[in-house]
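In: Give me a model of this one.
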Amino acid sequence: MSPDAPIDLPTTLPGRVEGDLLLGSPVPVVLALGVAVVLLVHARRAHRGPTRRRTAAAVGGASALVALAAVLGVNLWVGYLPSVQTAARWVQTRTWTPHATSPEVPAPPHARDPRHGRVLHVTVPSTSPGVPDSPAWVYLPPQYDRPGSTARFPVVYALHGAPGTAADWFAGGRADATVDELVATGHLPPVVVVAPDLNAGAAPAGTEPLDVPGGPQLGTYLRTDVVAWADRTLRTRDEPAGRLVVGMSAGSLGALVTGLGHPDVFGGVVALMPYAAPDTPAVVADPQAAERSTPTSVLRRRDPATVQPVFLGVPGAESPAAGQALARALRDAHQPTTLRVYPGLGHTWVGARTMLPYGLVWCAGQLGWVAP
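Out: Below is the predicted model:
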């Protein structure tokens, strides 16, 4: 089949990944602005009388509601926290203290909804220079917990942008809801998703997930510590053909550099909102590090017999030039490659979660993933 053939997705998917009424719709924005208008009208009338204190309170309340509406409106456009559940995950990431994880993930103590997997918040130990033990979010498909099952599952490693956190793919990205629906409708075999934190510390550092000269070795942490932890802790397919690395924005650069640079670890790459060269200052300032962190340079150094499928997803609001250049280089290197441009999307989490299922379904087909 041609790499550019149409990708079939379930028609039910948009309804499964959209946000809730509180954070994922314009209703709260409209209500907040409406109440603000009422308060301002009240304040204007009250100002003519002796109730100045009430007037000040009304103006203050209206100002707070306008500010709230602005915050909700920006979040609605960016799509980072589309529901209360995703907001709770974001809060948990900010307040969580790393702890040791057991070598096995226990089964849940009660029966679960067969259409929904479960999500874990864990610590991934580090042996990589400059990278402490760090959190990660993990999705296990419903089939993982079937009594007596010994089945092993492909793994999707999902890399956040910069700045970003491990929770991003489970907050704005809605990875768990997306995979639930793709698996339930037969468009994707059951997969595990691992979203590691790639900040090398507690606060989002805005650093691309690369090996930084004199700094954190984030690429090494991903391909060695995170992958080794998953294979040791979970029932994974511990082979390159059973691993896919996905990234958005800065994460897409990390996915391309680490994925293409280590085909012995990752079988395929999904790069959403990709770009062609690093911009982390310490990497750019070191010519050798910059070359190692540029996808086209990585391609030139590889064994020409290497084959990896690569999905490039570009939102319509961005220039496709970087994606087109990457696609040409990949095709010249005889890699199965598709470049998809999605009109109406921007450089937001709405864009990332809209493009994600296309990349997952396409790469799963290219890698021959089937249900265990």
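In: neighbouring contacts of stretch 311-324?
Out: Contacts to stretch 311-324, defined as CB atoms under 8 Å, 6 or more residues apart in numbering, come from residues 268-276, 326-327, 337-348, 351, 355, 358-359, 362-363. Bear in mind the C-beta positions are built from the backbone N, C-alpha and C, glycine included.
In: mind running it again at 6 Å?
Out: For stretch 311-324, contacts defined as CB atoms under 6 Å, 6 or more residues apart in numbering pick out 270-272, 274-276, 327, 338-346, 351, 355, 359, 362-363.
In: Report the buried members of the residues you listed.
Out: 270-272, 274-275, 327, 338-340, 342, 345, 351, 355, 359, 362-363 (16 or more other CB atoms under 10 Å).
In: Now intersect the contacts of stretch 311-324 with the helices, please.
Out: If you go by DSSP state H, these have Ala327, Gly351, Met355, Gly359, Trp362, Cys363 in helices.
In: CSV for these, including distance to Thr207 and pLDDT?
Out: Listed next are the ones in helices among the contacts of stretch 311-324 as CSV, based on distance: CB to CB, whole Å; pLDDT from 0 to 100:
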residue, distance to Thr207, pLDDT
Ala327, 26, 98
Gly351, 22, 92
Met355, 24, 96
Gly359, 24, 98
Trp362, 29, 98
Cys363, 26, 98
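In: on that earlier part again, what's the closest of the buried ones among the contacts of stretch 311-324 to Ser293?
Out: For those, the closest approach to Ser293 (CB to CB) belongs to Tyr275, at 11.6 Å.
In: List the contacts of that closest one.
Out: Ala322.
In: now Val122, which residues is it bridged with?
Out: Counting by DSSP bridges, Val122 is bridged to Ala136.
In: For the residue nearest in space to the middle of the chain, give me phi and psi.
Out: Centroid-nearest residue in the chain, with CA atoms, centre = their mean: Trp169, separated by 3.2 Å. Per-residue torsions, Trp169: phi -70, psi -20 (degrees, to the nearest 10).
In: so how far is Glu291 from it?
Out: Distance of Trp169 to Glu291, given as CB to CB, to the nearest Å: 29 Å.
In: before we move on, what about Asn199?
Out: Using CB to CB, Asn199 is found at 24 Å from Glu291.
In: And for Val307?
Out: Separation of Val307 from Glu291 (CB to CB): 23 Å.
In: again, but for Leu367
Out: 28 Å.
In: quick one, which of these two is more surrounded?
Out: More neighbours surround Leu367 than the other of Leu367 and Glu291, with 19 against 16 (other CB atoms under 10 Å).
In: Check that one and give its pLDDT.
Out: With respect to pLDDT, Leu367 has a value of 97.
In: Is it correct that it is in contact with Gly267?
Out: Yes. Leu367 lies in contact with Gly267 (CB atoms under 6 Å); the separation is 5.3 Å.
In: Return every residue with contacts to both of those two.
Out: Joint contacts of Leu367 and Gly267 (CB under 6 Å, 6+ apart) are Ala241.
In: Could you name the specific helix or strand carrying the residue nearest to Gln143 when sequence neighbours are not counted?
Out: Closest residue to Gln143 apart from its sequence neighbours, by CB to CB, 6 or more residues apart in numbering: Pro190 at 4.3 Å. Assigned by DSSP states H and E, Pro190 falls within no helix or strand.
In: so who does Pro190 touch?
Out: Residues counted as contacts of Pro190 (CB under 6 Å, 6+ apart) are Pro141, Gln143, Phe153, Val183.
In: And for Gly259?
Out: Contacts of Gly259 were listed using CB under 6 Å, 6+ apart, and they are Val245, Phe266, Val269.
In: Most neighbours among these, please name it.
Out: Val245 (31 neighbours).
In: Surely that residue is within a helix?
Out: No. Counting by DSSP: H, G, I helix; E, B strand; the rest coil, Val245 falls outside a helix, being strand.
In: coming back round to it: show me which of the buried ones among the contacts of stretch 311-324 is closest to Pro240.
Out: Cys363 (12.6 Å).
In: Look up how far Arg328 lies from the closest residue to that closest one other than its chain neighbours.
Out: If the residues on either side of it in the chain are set aside, Cys363 comes closest to Gly268, at 4.5 Å by CB to CB, 6+ apart. For Gly268, the distance to Arg328 equals 19 Å [CB to CB].
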